[in-house]
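*Asks:* I'd like to go over a predicted model; first the sequence, then the structure.
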Amino acid sequence: MKTSVIAVANQKGGVGKTTTAINLAACLAEKRRQVLLIDLDPQANATSGLGLKKQPGASIYGALSGAQSAAALIQKTSVPSLDIIPSEIDLAGAEVEIARADGYLHRMRGLLSTLIPLEKYHYILMDCSPSLGILTMNAMAAAESVLIPIQCEYYALEGLSMMLRLLEQLRDSG
């Protein structure tokens, strides 16, 4: 089974990242695709949007810091074929901790390399926070594709060009 990894990201808030991630994940699951949604936003809106409560220690923070496996954090949702690694506010601490670590931009890629060989998911979607912080950069560096929701306005297009430049830099740096 080939797993496609997609980050849903934009540095601007309120553009529909979480709504897009949840609905895309649910539609793919409806088409009988196995989907894992990783909530990388400490606000945990994708988590609550799929009906899960925010629980301390349930986010991917522990896996990013090396304290636990990513597979152990996966939870079922009420949507058949759709699993989630939820988020919670403590994930905000990961920004500081990961920035101090070696290979800090490749932590998510390393975690995904433990999940993809399981051949359990057709798609892994990552819902990013509205920033260009370490978690978002990790998601974009690990993803095969980046979906950038935008508003139809001039400043959003300026932000899009900045995101595209950043993605080129990430790609060029390996």
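*Replies:* Looks like it arrived, so ask away. Numbers count the residues shown, from 1 in each chain.
*Asks:* for the residue lying farthest from the centre of the chain, report the pLDDT, please.
*Replies:* Most distant residue from the mean C-alpha position of the chain: Y154, 26.5 Å away (CA atoms, centre = their mean). pLDDT, Y154: 75.
*Asks:* ok but D83 is inside a strand, no?
*Replies:* Yes. Using DSSP: H, G, I helix; E, B strand; the rest coil, the assignment for D83 is a strand.
*Asks:* quick one: contacts for it?
*Replies:* Each residue near D83 by CB atoms under 8 Å, 6 or more residues apart in numbering is listed here: Q34, V35, L36, L37, I74, Q75, K76, T77, Y121. The way it works is simple: take the backbone N, C-alpha and C, and place the C-beta from them, glycine included.
*Asks:* what values do phi and psi take at the fourth one?
*Replies:* Read that as L37. L37 adopts backbone torsions of phi -110, psi 120, taken as degrees, to the nearest 10.
*Asks:* by contact count, what packs against the helix or strand of the chain with the lowest mean pLDDT?
*Replies:* Ranking every helix and strand in the chain by mean pLDDT, DSSP states H and E puts helix 154-172 at the bottom, with a mean of 78. Here helix 154-172 touches helix 134-142, going by 3 or more CB pairs under 8 Å, 6 or more residues apart in numbering; DSSP states H and E.
*Asks:* the helix it packs on to helix 154-172, inter-axis angle?
*Replies:* Helix 134-142 and helix 154-172 are oriented at 60 degrees to each other (axes from the mean of the first three to the mean of the last three CA atoms, to 10 degrees).
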